[in-house]
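Visitor: No letters, just coordinates:
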């Protein structure tokens, strides 16, 4: 998100509160496979969007105006930033 809009703009000026040593529950086991599954799930939408957007730009059968190309490139850039 750009220009102070969205969550970044909303949280500007707030401070992060880190858990202290006594607040952290060390008894919770970490599961690397679960972390990998969560990351793959979160990345699926932006990767699929990038695939579609770059496919639209590469499709020589489709006539795109300069404005259409700029819009698609802007969307692709936003998806890449989200990743």
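Guide: Perfect, I can see it now. Keep in mind it's a predicted model, so treat the numbers as computed, not measured.
Visitor: ok, and for the longest helix along the chain, which residues are buried?
Guide: Counting by DSSP state H, the longest helix found in the chain is helix 32-58. Residues of helix 32-58 classed as buried: 46, 49, 50, 53 (neighbour count, 16 or more other Cβ atoms under 10 Å). C-beta here means a position set from N, CA and C on the backbone, and glycine is covered the same way.
Visitor: helices or strands next to it in the packing?
Guide: helix 66-82 (3 or more Cβ pairs under 8 Å, 6 or more residues apart in numbering; DSSP states H and E).
Visitor: which stretches of this structure have low pLDDT?
Guide: Counting by pLDDT under 70, the chain has low-confidence residues at 1-29.
Visitor: Residue 63 in helix, strand or coil?
Guide: Assigned with DSSP: H, G, I helix; E, B strand; the rest coil, residue 63 falls in the coil class.
Visitor: returning to that earlier point: and the angle from the longest helix of the chain to helix 66-82?
Guide: 170 degrees (axes from the mean of the first three to the mean of the last three Cα atoms, to 10 degrees).
Visitor: okay, the buried residues of helix 32-58 in JSON lines with distance to residue 61 next?
Guide: Formatted as JSON lines, the buried residues of helix 32-58 follow (distance: Cβ to Cβ, whole Å):
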{"residue": "46", "distance to residue 61": "26"}
{"residue": "49", "distance to residue 61": "21"}
{"residue": "50", "distance to residue 61": "20"}
{"residue": "53", "distance to residue 61": "16"}
